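pasted the sequence and its predicted model underneath.
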Amino acid sequence: MIMRFFKRKIFFLLPCLFIIANCQVSPSNLSMGVKSVYGQSTTQLKGKSLSHYLSAMIYHRKGDTEKAIKELEETLKHDPEATTPWVRLIRLYLMAEKYEQALSSVDKVIEKDRNLPSLYLIRGELCHRLGKIDEAVESFQKAIELNPEDVLGYSALLELQEDTNDLVAAIDIYRRMIEKRPNSALLHYQLGLTYARIKNNPLAIEELEKALNLDPRMIRAHYILALLYIDEKQVSKAIYSLEQYLQKKSDDVKAWEVLLGAYTRVGEMVKAKEVAKKMMNTTEITPLQKLFVVFFLIRNGDSFQAMSLLPVKEYPLMSRLLHALALKQSGSSDYRNIIETVDNFIETVDTECNDFINAIWSNFGAGVVSGWFEGQIEALVREKYSLALSLIWSRVLMVSEREEKAIEVLKPLLQVKDKYLWIHYYLAICYDKLKQFEDTERHLKICIELDPENAELLNFLGYLYADKNVNLTEAENLIRRALKIDAENPFYLDSLGWVYYRQGNAEKAIEYIRRAIYKMDTDDAVLRDHLGDAYLLKGNVEKAIAEWERAVVLDPKNEEIKQKIEKYRK
């Protein structure tokens with residue numbers, strides 16, 4: 001959904017090399033009519049140097065890049081002060097993807113002239129490609145300093161910051177670019193999306209509204225605004241934006257889903273039913289959206305129509321639950337027969353809960369889920385014991401942040417099935433939320449006994465130990481096992497970094513936490529806080545404060561981080 005302002009490849013900067021060459025060379029003529037390629041007089045040219053250079057040009061024209069590179073390297077052995085051969089060599093290194101050699105060559109040219117912004121742009125791109133992020137940032141900042149009016153430096157730095165999830169810094173760059181181009185709808189749109197990614201809804205709304213005022217054709221902004229308005233409980237505004245969006249994008253079933261939820265929230269049930277009908281009649285509707293519409297129909301008394309839409313194959317457990325609710329609502333006692341069968345499909349309970357409860361919660365709101373839906377499930381469970389329905393009930397309570405009540409529902413299930421994974425897992429989550437370490441640990445250990453190759457469980461227990469600063473050797477072993485299963489998971493990388501921090505290994509902590517941040521979908525206050533602590537452990541207070549400041553932007557209510565900033569600034 002987030003599109004980059006400039007999506008560039010490194011070769012887009014190759015023309016800069018020719019600009020550099022033109023700035024450095026004063027063409028003159030060689031004897032025999034040969035044009036100077038060095039910007040030097042013919043008396044200064046060295047025969048071997050010229051011969052290798054001409055050979056390089058011939059090989060380059062023939063498409064033999066490797067031989068051309070070798071000839072240019074020989075050229076510079078004989079005349080290392082020449083500029084144009086360096087520039088051409090850098091260009092060929094880039095074409096051959098020899099980035100380390102290109103970077104070394106760029107540094108040598110920079111030694112000759114430190115005032116060319118194009119060189120720093122190329123250097124920044126190379127450092128970015130090689131994963132030398134701090135050096136890349138410094139190079140792009142130098143390019144901007146030398147030529148503050150050139151948008152290329154800003155866009156290069158912006159892409160780097162988005163690639164590394166430094167969204168706080170990216171916001172600063174967008175603002176600086178907007179100062180130069182205040183009427184750019186695209187820049188306001190991108191800034192709005194970036195604010196949305198860090199959950200700063202008010203500023204995201206402000207920028208997206210500006211983008212639409214500048215360019216009403218940016219129809220996607222209406223959809224993003226609708227989601228933000230809903231989060232901010234401005235449902236009427238969300239409805240207006242969705243209606244505007246769907247006038248142009250009538251085939252977007254996801255937008256119809258959000259609109260159905262919005263109409264329901266404000267009690268416009270006639271319009272909500274019209275949307276439900278449109279969703280039912282489209283071939284693009286997904287199984288989860290079918291389940292979503294069924295939920296809406298049952299809650300509004302249309303049981304018969306609801307039963308014809310159930311996605312039994314894709315969501316067998318939730319389909320049977322909703323089928324039972326529809327039959328019960330219609331007055332049929334057959335719902336009891338369905339309740340008898342739901343435990344046969346319990347293996348999908350966690351996946352189906354993740355999908356369905358999140359969908360109805362985000363669209364219809366907390367009141368519907370923790371009110372009407374929870375009441376319906378509780379009534380069925382009290383009428384007839386069911387492990388599956390009890391687990392679904394506990395998940396509704398957990399998403400409602402009623403962990404103590406969820407524990408009351410879950411603990412009796414152990415008397416019936418004491419070695420069932422999801423009972424122990426949900427109990428571990430609840431106890432963790434309640435800061436009850438020993439109970440959390442106990443249930444996680446049982447979970448790992450039941451499913452020893454579950455990376456999420458391994459990381460959960462490993463991070464629990466790291467966070468409590470206990471059993472660090474075991475924590476490291478657990479998290480390494482998780483990373484063997486999912487090597488690029490950012491949460492597992494952060495967990496290992498946090499173990500290293502607890503062990504006093506600042507360098508390793510910084511390495512793994514930074515890797516975790518780069519791989520996240522968005523910037524994250526917890527990881528920034530961890531990185532700040534790791535820099536403090538290393539003794540770099542300036543960088544520690546910088547990371548904590550990012551964390552506070554991402555989580556303005558975190559007083560603990562604010563206190564650290566105040567303490568170490570002094």
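Perfect, I can see it now. A quick note: this is a predicted structure, and the numbers were derived from the prediction, not measured.

from residue 151, how far off is residue 121?
Residue 121 sits 12 Å away from residue 151, going by CB to CB, to the nearest Å. No exception for glycine: its C-beta is placed from N, CA and C like everyone else's.

so for the two, which residue has more residues nearby?
Counting neighbours by other CB atoms under 10 Å for residue 121 and for residue 151 shows that residue 121 has the greater number, 25 against 16.

distance from the chain centre to the helix or strand that contains the more buried one, please.
Assigned by DSSP states H and E, residue 121 belongs to helix 117-129. In terms of CA atoms, centre = their mean, to the nearest Å, the centre of helix 117-129 is found 25 Å from the chain centre.

now stretch 124-140
With CA atoms, centre = their mean, you get 21 Å for stretch 124-140.

coming back round to it: can you tell me what sits against the helix holding residue 121?
The contact list for helix 117-129 (CB atoms under 8 Å, 6 or more residues apart in numbering) reads 10, 13, 16-17, 19-20, 90, 99, 102-103, 106-107, 109-110, 113, 133, 135-137, 139-140, 142-144, 146-147, 150, 152-153, 156-157, 159-160, 163.

now list the buried members of these.
With burial judged by 16 or more other CB atoms under 10 Å, the buried subset of those is 10, 13, 16-17, 20, 90, 99, 102-103, 106, 109-110, 133, 135-137, 139-140, 142-144, 146-147, 152-153, 156-157, 159-160.

need the pLDDT of residue 409.
Note on residue 409: pLDDT of 98.

the one 4 residues further on now?
Reported pLDDT at residue 413 in the predicted model: 97.

contacting residues around it?
Contacts of residue 413 by CB under 8 Å, 6+ apart are 387, 390-391, 420, 423.

JSON lines for the residues you listed, including secondary structure, pLDDT and neighbour count?
Listed next are the contacts of residue 413 as JSON lines, based on DSSP: H, G, I helix; E, B strand; the rest coil; pLDDT from 0 to 100; neighbours: other CB atoms under 10 Å:
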{"residue": "387", "secondary structure": "helix", "pLDDT": "97", "neighbour count": "18"}
{"residue": "390", "secondary structure": "helix", "pLDDT": "97", "neighbour count": "22"}
{"residue": "391", "secondary structure": "helix", "pLDDT": "98", "neighbour count": "22"}
{"residue": "420", "secondary structure": "coil", "pLDDT": "96", "neighbour count": "16"}
{"residue": "423", "secondary structure": "helix", "pLDDT": "98", "neighbour count": "24"}
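
farthest-apart pair in those residues, please.
Using CB to CB, the contacts of residue 413 span at most 10.8 Å, a distance reached by 390 and 420.

picking up where we left off before, the helix holding residue 121: what's the following helix or strand?
Counting by DSSP H and E, what follows helix 117-129 is helix 133-146.

can you name the residues in contact with the next helix-or-strand element following that next one?
Sequence order places helix 151-163 as the next helix or strand after helix 133-146, per DSSP H and E. Outside helix 151-163, the residues that touch it by CB under 8 Å, 6+ apart are 2, 4-8, 117, 120-121, 124-125, 128, 133, 136-137, 140-141, 143-144, 147, 167, 169-170, 173-174, 176-177, 180-181, 194, 518.

list buried residues within those residues.
Neighbour counting with 16+ other CB under 10 Å marks 5, 117, 120-121, 124-125, 128, 133, 136-137, 140, 143-144, 147, 167, 169-170, 173-174, 177, 194 as buried within the contacts of helix 151-163.

what stretches of the stretch 1-150 of the chain score poorly on pLDDT?
1-47 (pLDDT under 70).

ok, which stretches of it are helices?
14-24, 47-62, 65-78, 84-95, 99-112, 117-129, 133-146 (DSSP state H, counting those that start in this stretch).

now the ones you listed as CSV including distance to residue 564?
As requested, the helices of the stretch 1-150 of the chain are arranged in CSV below (distance: least, CB to CB, whole Å):
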stretch, distance to residue 564
helix 14-24, 42
helix 47-62, 56
helix 65-78, 51
helix 84-95, 43
helix 99-112, 36
helix 117-129, 30
helix 133-146, 22
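
nearest to residue 541, of those helices?
Of the helices of the stretch 1-150 of the chain, nearest to residue 541 by CB to CB is helix 133-146, at 16.6 Å.

circling back: residue 337: which of the helices of the stretch 1-150 of the chain is closest?
helix 133-146 (61.1 Å).

CA atoms of that closest one as PDB?
Output of helix 133-146 as PDB, limited to C-alpha atoms (Å, rounded to 0.1, in the frame of the first residue of the first chain):
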ATOM      1  CA  ILE A 133      23.900   2.200   6.500                       C
ATOM      2  CA  ASP A 134      25.600   4.900   8.700                       C
ATOM      3  CA  GLU A 135      28.100   5.700   6.000                       C
ATOM      4  CA  ALA A 136      25.300   5.900   3.400                       C
ATOM      5  CA  VAL A 137      23.400   8.400   5.600                       C
ATOM      6  CA  GLU A 138      26.500  10.500   6.000                       C
ATOM      7  CA  SER A 139      27.200  10.500   2.200                       C
ATOM      8  CA  PHE A 140      23.600  11.500   1.300                       C
ATOM      9  CA  GLN A 141      23.600  14.200   4.000                       C
ATOM     10  CA  LYS A 142      26.900  15.600   2.500                       C
ATOM     11  CA  ALA A 143      25.300  15.600  -0.900                       C
ATOM     12  CA  ILE A 144      22.400  17.600   0.400                       C
ATOM     13  CA  GLU A 145      24.700  20.000   2.300                       C
ATOM     14  CA  LEU A 146      26.700  20.700  -1.000                       C
END
